[in-house]
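A.B. asks: pasting the sequence and the predicted coordinates here, then a few questions.
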Amino acid sequence: MSIYIEKTSRMLRQGPGWSFDSTKPVIVHGSQWEAGEVGRVAHAHPRGQLVWADQGILRVDTCRARWVVPSSHAVWIPSHIVHEIVAETDASGCHVFLDSDVSLHLWRRCVVLHMTPLMRQLLLRFRQLNQELDPPLRHHHLAMVIVDELSLLPEAPLCLPSGTDPRLRRMTSYLLLNPQDFRTLSELVSFSGASVRTMERLFKSETGLSFTEWRGRLRLIKAVHYLSQGETSTEIARKLGYRSSSAFIAAFRRHFGTPPQSYLEHSIGMQSVKASE
C-alpha cells in the first residue's frame, strides 16, 4: 500500500495540492464529472482541501469513512490524508486547496461542513478570477475572506461509514444510487453475492452500523440534499420511501436534533453565533 501511495504521489506532485507557493494561499480549481467517474485515484498532498459540488453529488472516500456530499455541504480533507473523489451523479464543483500556513488553525480530521450562501458565492467568484489579468491583491484579499469564512462553517453529522469487503461495497453502491428502495435485506442480498447473515455481520464489523442504521443514515443525507433544493417534508418522504411525512420528520429530528424545514436555517444560525464569538 505504501508503495502504491508513493507512486501515486509522484504522479500528482505537479498538481495544485502540491503547490508550496505561499503567495497563493488559496487555489480553486473547477471540475466536471460524469456519474461514476473517479476524479483521481487515491492520493494525498501537503495542502488541505475542501471538496464541494455546486451541482450534483460527490462521494469522498478515505481509509476510515465515506462521505456522500450534496451541494448543500462540502468535505474538508486535511493535508496528507489519503482520499479519493467519485461522482455519484453528473456533477460540477470546486477543489479548494489551502496552503499549510493558513490551514493550521482548521480541522485536523475530515469533516462535513454546511455551505453557507456566502461561501458558495465566494468560491464561484474566486473561480472566475483570471490569474493573469486580475490584480494580485484582489486574489489575496478574496482568498483571506474564503479562509475566514471556511473557519466558521458549521460541522454537519453526515458521515457515512464505508468498508472494504467487495460484497459490502456492491450492496452500498446499489443503495447509494437507490436510497428509496425499501426492500428488506433478505430481498436485497442478491446484489452482494452474500447471505443475509454474512451481510449483517459485514455491516456491523466494517461500518459500525447495522444495515437498517446505515440505510437510514443514507436516506437522511439524501434528505438534506432535497431540503437544500427547497422540497417539502411530504415530497422528501415520498421520494425516499418513508411511510409518511411524520415518520420522516421524526427520523430527521432524532438524528439532527431539529425538524427538517428548520435544519438549514439552524445551521446558518450556528455559523452566525460562531462568527460572533
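C.D. replies: Good, I have the coordinates. Residues are numbered from 1 along each chain as shown.
A.B. asks: quick one: the helices in the stretch 51-200 of the chain?
C.D. replies: Counting by DSSP state H, counting those that start in this stretch, the stretch 51-200 of the chain has helices at residues 100-103, 117-128, 136-152, 166-177, 185-188, 196-207.
A.B. asks: would you turn those into CSV with distance to residue 111?
C.D. replies: To be clear about C-beta, it is placed using only N, CA and C from the backbone, and glycine gets the same treatment. Below are these laid out as CSV (distance: least, CB to CB, whole Å):
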stretch, distance to residue 111
helix 100-103, 13
helix 117-128, 14
helix 136-152, 11
helix 166-177, 20
helix 185-188, 30
helix 196-207, 18
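A.B. asks: and residue 237, which of those helices is closest to it?
C.D. replies: helix 166-177 (17.8 Å; CB to CB).
A.B. asks: just the endpoints, please. Distance across stretch 35-53?
C.D. replies: 13 Å (CA to CA, to the nearest Å).
A.B. asks: do the same with stretch 201-218
C.D. replies: 19 Å.
A.B. asks: list the buried ones in that stretch?
C.D. replies: For stretch 201-218, the buried set under the neighbour-count rule, 16 or more other CB atoms under 10 Å, comprises 202-203, 206-207, 211, 214-215, 217-218.
A.B. asks: show residues contacting that stretch.
C.D. replies: Contacts of stretch 201-218 with the rest of the structure, by CB atoms under 8 Å, 6 or more residues apart in numbering, involve 68, 160-165, 167-168, 172, 175-176, 179, 185, 194, 199-200, 251, 255.
A.B. asks: among these, which ones are buried?
C.D. replies: 68, 160-163, 165, 167-168, 172, 175-176, 179, 185, 194, 199-200, 251.
A.B. asks: do you know how far the residue nearest to residue 261 when sequence neighbours are not counted is from residue 144?
C.D. replies: Spatially, and ignoring its direct neighbours in sequence, residue 261 is nearest to residue 233 (6.5 Å; CB to CB, 6 or more residues apart in numbering). Per CB to CB, to the nearest Å, residue 233 is found 39 Å from residue 144.
A.B. asks: ok, residue 79 next?
C.D. replies: For residue 79, the distance to residue 144 (CB to CB) stands at 19 Å.
A.B. asks: higher neighbour count, residue 233 and residue 144?
C.D. replies: Taking other CB atoms under 10 Å, residue 233 and residue 144 do not tie; residue 233 has more neighbours (20 against 13).
A.B. asks: list the contacts of the more buried one.
C.D. replies: Counting by CB under 8 Å, 6+ apart, residue 233 touches 245, 248-249, 260-261.
A.B. asks: need the buried ones from those selected in ChimeraX.
C.D. replies: Of the contacts of residue 233, the buried ones go into a single ChimeraX selection, burial set by 16+ other CB under 10 Å:
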select :245,248,249,260
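A.B. asks: pLDDT wise, what is the spatially most central residue of the chain at?
C.D. replies: In the chain, the residue lying closest to the centroid (CA atoms, centre = their mean) is residue 69, at 3.2 Å. With respect to pLDDT, residue 69 scores 77.
A.B. asks: no further questions, thank you.
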